[in-house]
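# kindly generate the corresponding structure for this input.
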Amino acid sequence: MDLNAPERINQKALNILQKRFDKLEPKFVRQVVDWIGKFRTTSGNLVRSKENLARLGSFKTAINRFLEKAGYNAMVAGFLENFDEIGENTKLVQQELNGIGITKSFLNPFKRFAVNNVIAAMQGQGLNNDLVNPLKGELLVAVNQGSSLTDVVTSIAGQLTSSEARQGVLKRISLQASRDALLQYDGIVNEAVRKSYKLDALLYVGSIIKDSRPQCERWVRETKNGKLGLILFEDLETEIEWGNNNGTGMIPDTTPENFCQNRGGFNCRHIAYPVRSANYIKEEKPKEEAPKEPEVKEPKFVEAKNITEIENRLQNLTISNNKIDLKNVEVEVANSVLEKVEEYANKNVKIYDVKVVNEPAAFALNGDNELLICRQAKLDTSEKSLNIQIANNKWYNAGARLAVSDKDKLKSFIDYNIEHEFNHAEHFKLIAASLGGYGNEFTKEAKKWNNEWNKYISQIHRKDNKWHPSDYVKRFVNERDFTKEWLAESLLYYKHNKNLIKDDKILNLLESFVNIVNKLNKI
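So this is what the prediction gives:
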């Protein structure tokens, strides 16, 4: 019995599908281009004629014919055969784990549902919505406007052809429809088995790799119930809550009732097999009270009464011996600065100096690791900026989006903006580590992270078609500034509300960043 069989079957099926698609895509594109090339033209431009409009009406039929000739339909049929292999594995596993004989008639309704979903996405409504209708619309506009045939062919061929930079439309449809189809089917069947036979626990299995999510690592390695990966159904709600709060990529509205299907999140490779806990837990052991760990209290911030006190306290928290002068800075703003400087100093993240400048930004951290406070960083200007962003629902920076749900919005807004600058300070620390500043132990890990981050964010900067943490980030043209500000803004979400991050790759990179910096802070 191979509990990892669904993961293996799924990966093999996807590899075969991708190889077959890469061979058929050029044939399909060539047929589409040849068909478009037969429209009537005058001086190289499309003509608005009855003949061309009639030809356009047969576009969908032509596409279906080209897909068949290219081998696309055979590829889909080949992929669908894997549902039978998944079903056979389910029957074998349930017989071995629970002594349950799953029949073909039990599986058939779920198989039909899953197969129909794939067919609809790859050959039916999904294909029409994402490929046929958009391309037909583009051709209709081109015919009516007398567009250049060369331009039309270039545009449509470009949309259909995959490259290193992006997937063609048909490839994107195929991969999206197939990526999680088999494991979703396996999950739906497992959920039905659990409910039908009143099973009270799950075995969470699958391989752990470099980019595995925190919740999946936790569940695969769970041992508290005496069996690796065994999770009691009664504990599942708590575990899902842990995943939402501490993990990444969880599917919204995951509940114990749909956990077998959703598992650890979008495109999760792991499997949750329903089992009887009695097969593994022979007798209830009395629970021993765990020894209480000594409570570690964070130092409580005490507000300073005046600017002079703030200046003196900041002097002791910064590296420089330069006299700190905060005249003309409001006490409330200066206290917010002091609070953040103390907070990060306690984590061993120190800045060189604090200065008041005439810069346009409220706060900044320069290349010399100096925290700059603008003379315009006042309560009234900060409140005005926050209110404008809230009123327009336009999140100029991440601090505003986070502050809007806090009790004291204005104080939070100022605090988040200062914290943004300390995120730069942590970034400087990691860069220093990547250059050997913290010894060979950290150089390789920090350098690898820095390269991965810069490469991924550079792709986003060039394409501008991914999730952005704020409108503030979009204003940076220089790629280096864009990459740096992206990190500072995204870290605010990571530390205060991970659900606002809509990119799994970003979440994984931020988690790695925080882990590395935490290790550096202990030095």
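
# given the helix or strand of the chain with the lowest mean pLDDT, what are its sheet partners and their directions?
Least confident helix or strand, the chain: strand 363-365 with a mean of 80, by mean pLDDT, DSSP states H and E. Strand 363-365 pairs in its sheet with strand 370-374 (antiparallel), by DSSP bridges.

# can you list contacts of the strand it pairs with?
Residues outside strand 370-374 that contact it (CB atoms under 8 Å, 6 or more residues apart in numbering) are 320, 326, 329, 333-334, 337, 341, 351-366, 418, 421. Every residue, glycine included, has its C-beta placed from N, CA and C.

# mark which of those are buried, thanks.
Burial by neighbour count, 16 or more other CB atoms under 10 Å: within the contacts of strand 370-374 this picks out 326, 329, 333-334, 337, 341, 351-356, 359, 362-365, 418, 421.

# now intersect those with the helices, please.
333-334, 337, 341, 418, 421 (DSSP state H).

# quick one: which of those is nearest residue 129?
Nearest to residue 129 among those: residue 421, at 45.0 Å, using CB to CB.

# pLDDT value on the closest one, please?
Model confidence at residue 421, expressed as pLDDT, equals 88.

# relative to residue 402, how far out is the residue nearest to it when sequence neighbours are not counted?
Of all residues not flanking residue 421 in the chain, residue 365 sits nearest, at 4.1 Å (CB to CB, 6 or more residues apart in numbering). Computed as CB to CB, to the nearest Å, the residue 365 to residue 402 distance reads 19 Å.

# then residue 432?
28 Å.

# then residue 239?
27 Å.

# check contacts around the residue nearest to residue 421.
By CB under 8 Å, 6+ apart, residue 365 lies in contact with 351, 371-372, 421-422, 424-425.

# so what pairs up with it in the strands?
Going by DSSP bridges, residue 365 forms beta bridges with residue 371.

# and it, how far is that from residue 519?
Residue 365 is 22 Å from residue 519, by CB to CB.

# over to residue 389?
Applying CB to CB to residue 389 and residue 519 gives a distance of 36 Å.

# more crowded one of those two?
Neighbour totals were compared for residue 389 and residue 519, and residue 389 leads with 22 against 15 (other CB atoms under 10 Å).

# where along the stretch 51-200 of the chain do the helices fall?
Ranges of helices in the stretch 51-200 of the chain, per DSSP state H, counting those that start in this stretch, are 59-70, 72-80, 82-98, 104-122, 125-127, 133-145, 149-160, 169-178, 181-196.

# show me what the strand or helix carrying residue 308 is packed against.
Element membership for residue 308 (DSSP states H and E) is helix 307-317. Helix 307-317 is packed against helix 331-346, with contacts defined by 3 or more CB pairs under 8 Å, 6 or more residues apart in numbering; DSSP states H and E.

# so who does residue 352 touch?
Applying CB under 8 Å, 6+ apart, the residues contacting residue 352 are 318-320, 368-370.

# how about the residues you listed in JSON lines, adding distance to residue 280?
Formatted as JSON lines, these follow (distance: CB to CB, whole Å):
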{"residue": "318", "distance to residue 280": "57"}
{"residue": "319", "distance to residue 280": "56"}
{"residue": "320", "distance to residue 280": "61"}
{"residue": "368", "distance to residue 280": "60"}
{"residue": "369", "distance to residue 280": "54"}
{"residue": "370", "distance to residue 280": "59"}
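
# and those, which of them are buried?
Using 16+ other CB under 10 Å as the burial test, those include 318, 369-370 as buried.

# now, which of the residues you listed sits nearest residue 217?
Taking CB to CB as the measure, residue 217 lies nearest residue 369 of those, at 34.9 Å.

# that closest one is in contact with residue 422, isn't it?
No: between residue 369 and residue 422 there is no contact, the gap being 10.5 Å when judged by CB atoms under 8 Å.

# how many neighbouring residues does residue 23 have?
11.

# oh sorry, the question was meant for residue 332
For residue 332, using other CB under 10 Å, the count is 14.

# OK, contacts around it?
Listed by CB under 8 Å, 6+ apart, the contact set of residue 332 reads 379, 411.

# swap in residue 338?
Neighbour list for residue 338: 301, 304, 310, 313-314 [criterion: CB under 8 Å, 6+ apart].

# over to residue 470?
Residue 470 is in contact with 395-398, 401, 489, counting by CB under 8 Å, 6+ apart.

# which of residue 432 and residue 402 has more neighbours?
The neighbour count for residue 432 versus residue 402, taken as other CB under 10 Å, is higher for residue 402 (22 against 14).

# how far off centre is the helix or strand where the more buried one lies?
Under the criterion of DSSP H and E, residue 402 resides in helix 398-403. Remark: helix 398-403 is offset 19 Å from the chain centroid, using CA atoms, centre = their mean, to the nearest Å.

# what is the mean pLDDT for that helix?
In this model, helix 398-403 carries a mean pLDDT of 86.

# check stretch 91-98 too.
Averaging pLDDT along stretch 91-98 gives 89.

# give me the contacts around that stretch.
The contact list for stretch 91-98, computed with CB under 8 Å, 6+ apart, reads 1, 3, 5, 100-102, 107, 193, 197, 199, 203, 273-276, 279.

# just the ones of these in strands?
Among the contacts of stretch 91-98, the ones falling in strands (DSSP state E) are 203, 273-275.

# out of those, which are buried?
When neighbours are counted using 16+ other CB under 10 Å, these contain these buried positions: 203, 273-275.

# could you export those as CSV, including distance to residue 173 and pLDDT?
Converted to CSV, those look like this (distance: CB to CB, whole Å; pLDDT from 0 to 100):
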residue, distance to residue 173, pLDDT
203, 34, 91
273, 31, 92
274, 33, 92
275, 37, 91
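
# name the pair among the residues you listed with the greatest separation in space.
Top of the distance list for these (CB to CB): 203 and 274, 8.1 Å.

# state the distance from the nearest residue to residue 346 once chain neighbours are set aside to residue 342.
Nearest residue to residue 346 in three dimensions, chain neighbours excluded: residue 299, at 6.0 Å (CB to CB, 6+ apart). Counting by CB to CB, the gap from residue 299 to residue 342 is 7 Å.

# where do the helices sit along the stretch 351-500 of the chain?
Using DSSP H, counting those that start in this stretch, helices in the stretch 351-500 of the chain cover 379-392, 398-403, 409-434, 440-463, 471-474, 479-496.

# distance to residue 157 for those - can I get that in a markdown table?
Below are the helices of the stretch 351-500 of the chain laid out as a markdown table (distance: least, CB to CB, whole Å):
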| stretch | distance to residue 157 |
| --- | --- |
| helix 379-392 | 40 |
| helix 398-403 | 40 |
| helix 409-434 | 42 |
| helix 440-463 | 19 |
| helix 471-474 | 30 |
| helix 479-496 | 29 |
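
# right, and residue 317 touches residue 341 too?
Yes: using CB under 8 Å, residue 317 is in contact with residue 341, at 5.1 Å.

# quick one: contacts for residue 118?
Contacts of residue 118 (CB under 8 Å, 6+ apart): 76, 79-80, 177-178, 181.

# going by distance to residue 70, which of the buried ones among the ones in strands among the contacts of stretch 91-98 wins?
Distances from residue 70 to these, taken by CB to CB, are shortest for residue 273, at 38.7 Å.

# what's near enough to touch the nearest residue to that closest one once chain neighbours are set aside?
Counting by CB to CB, 6+ apart, residue 273 lies nearest to residue 203, which is 4.4 Å off, once chain neighbours are set aside. Taking CB under 8 Å, 6+ apart, we find residue 203 in contact with 3, 97, 227, 229-231, 272-273, 275.
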